[in-house]
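# Pasting the sequence and the predicted model now:
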Amino acid sequence: MSEHLHDLASRRKDYETAGLDLPDVDADPMVQWQRWYAEASEAGCVEPNAFVLSTVDAEGWPQSRYLLVRGADERGFTFFTNYDSAKSEQLTREGRAAMLFTWLQLHRQVRVVGEVQRVPDAESDEYYASRPRGSQIGAWSSPQSQRIPDREWLEQRVEQMAATFGDAEVPRPAFWGGWLLVPRRFEFWQGRPSRLHDRLAYTLLGEGDGDSWQIDRLAP
Ligand SMILES: Cc1cc2nc3c(=O)[nH]c(=O)nc-3n(C[C@H](O)[C@H](O)[C@H](O)COP(=O)(O)O)c2cc1C
């Protein structure tokens, strides 16, 4: 076993042994999430910011896909995508979504649900400007979720866009930007031996300032 895999295996064992109990967790679930994210990063989990976003389409079908989370603070979780995509259409219609983070190597999962809103344009501008030029041109070139003839069509679009912008700065397309999910429920799951896993659910009490979270233990 490589050094790295050995490290992960022993970390996983440490967390499984330590478990997850009320005295250990932060009263604020976002702080608790940040702690687990930091531990996943330190442990070398692959793409620790990857999560599954689930939405419901116009016919009531659940739809899931991976995204990368770009912000996690007291407001909620931020991610970026195409505003004309299937997911954005679903987020706009339903106004709510679920996020699922898994750090399998640590035997951990976090489920989150909440309401969604677009982030202010200035925030999308700032993030877009920080992206590599290739990704900026890619965003302009791809009508995300639409049917396209073939790969060549896409590659030609990229060439056309690159020629259009030349050496100029690439502005953010109005159809591309961020979403903020404001959590109202979290569930932290820690795998334990013999299927006796730990599950702690946080439910938001009240609306607006002075929010507090109720924490319940759920059966595995
Ligand atoms: C690990 C991973 C990370 C991804 N991150 C993003 C992302 O941050 N934004 C995005 O628009 N698509 C991302 N994708 C692609 C999406 O899964 C999806 O294919 C795309 O957003 C179109 O989804 P939709 O048609 O449901 O809107 C990612 C895919 C993977 C596997």
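That came through, no problem. Numbering: from 1, shown residues only.
# hey, let's count contacts and neighbours off CA atoms from now on
OK.
# From residue 176, how far out is the nearest residue to residue 25 once chain neighbours are set aside?
The shortest distance from residue 25 to any non-neighbouring residue, by Cα to Cα, 6 or more residues apart in numbering, is to residue 32 (6.3 Å). Per Cα to Cα, to the nearest Å, residue 32 is found 30 Å from residue 176.
# Likewise for residue 62?
The value you get for residue 62 to residue 176, if Cα to Cα is used, is 23 Å.
# cool, and residue 213?
33 Å.
# Neighbour count: the two, which is higher?
Set residue 213 next to residue 176 and count neighbours by other Cα atoms under 10 Å: residue 176 wins out with 21 against 17.
# pretty sure residue 85 is touching residue 139, no?
No - assessed by Cα atoms under 8 Å, residue 85 is found out of contact with residue 139, at 11.5 Å.
# More neighbours: the two, which one.
residue 139 (20 against 16).
# Please, which helix or strand holds the more buried one?
Residue 139 is part of helix 133-141 when elements are defined by DSSP states H and E.
# Same question for residue 55.
strand 50-56.
# Give the next helix or strand downstream of that strand.
Past strand 50-56, the next helix or strand by DSSP H and E is strand 62-73.
# tilt between that following strand and strand 50-56?
On the basis of axes from the mean of the first three to the mean of the last three Cα atoms, to 10 degrees, strand 62-73 is oriented at 130 degrees to strand 50-56.
# Parallel or antiparallel, which strands does strand 62-73 pair with?
strand 50-56 (antiparallel), strand 76-82 (antiparallel) (DSSP bridges).
# Much appreciated, bye for now.
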